[in-house]
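Undergrad: The following block contains a protein sequence and its predicted model.
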Amino acid sequence: MRELLRTNDPTVIAFASALLEGEGIVAFPLDVHMSTLEGSIGILPRRLMVADRDHFAACAILRDNGIEPSDP
């Protein structure tokens, strides 16, 4: 698994997930329930993970749609 995206904006995670799903790439959101610990103020970023084999294609899909992927 590789990190594809890290953001505080849940709408970006949802949009990226929908784009990847449309292309047949499975994405796994992490840190979704961290808002319970932070008090729902949105300071902890959420991450979107993909399989190693899908990382290159997933990065291209996000860039084509105006989302800059994270480069860990």
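TA: Alright, I've got the coordinates. Since this is a predicted model, take the numbers as computed values, not measurements.

Undergrad: neighbours of Ser17, just the number please.
TA: By the criterion of other CB atoms under 10 Å, Ser17 has 17 neighbours. To be clear about C-beta, it is placed using only N, CA and C from the backbone, and glycine gets the same treatment.

Undergrad: That one in helix, strand or coil?
TA: Ser17 falls in the helix class when you classify it by DSSP: H, G, I helix; E, B strand; the rest coil.

Undergrad: what residue ranges in the protein score low on pLDDT?
TA: Scanning the chain for pLDDT under 70 picks out the ranges 35-42, 72.

Undergrad: Dead centre of it: give me the residue that sits there.
TA: Nearest to the mean C-alpha position of the chain, counting by CA atoms, centre = their mean, stands Leu48 at 2.8 Å.

Undergrad: Now do the contacts for that residue.
TA: The contact partners of Leu48, by CB atoms under 8 Å, 6 or more residues apart in numbering, come to Glu3, Leu4, Leu5, Arg6, Ile13, Ala16, Ser17, Ala27, Phe28, Pro29, Leu30.

Undergrad: Go ahead and confirm Arg63 touches Asp71.
TA: No. Contact criterion CB atoms under 8 Å: Arg63 and Asp71 do not qualify, at 11.6 Å.

Undergrad: quick one: which of these two has more around it?
TA: Shown here are Arg63 and Asp71; by other CB under 10 Å, Arg63 has more neighbours (11 against 8).

Undergrad: so which helix or strand takes in the more buried one?
TA: Assigned by DSSP states H and E, Arg63 belongs to helix 55-64.

Undergrad: could you show me where the helices are in the chain, in order?
TA: Secondary structure of the chain (DSSP state H): helices at 10-22, 35-38, 55-64.

Undergrad: Pull out the buried residues from the longest one.
TA: Going back to what we said before, that points to helix 10-22. Under the neighbour-count criterion of 16 or more other CB atoms under 10 Å, helix 10-22 has Val12, Ile13, Ala16, Ser17, Leu19, Leu20 buried.

Undergrad: of these, closest to Met34?
TA: Nearest to Met34 among the buried residues of helix 10-22, counting by CB to CB, is Ile13 at 12.4 Å.

Undergrad: sorry, back to before: and the helices of the chain as a markdown table, adding distance to Leu44?
TA: Below are these laid out as a markdown table (distance: least, CB to CB, whole Å):
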| stretch | distance to Leu44 |
| --- | --- |
| helix 10-22 | 12 |
| helix 35-38 | 5 |
| helix 55-64 | 21 |
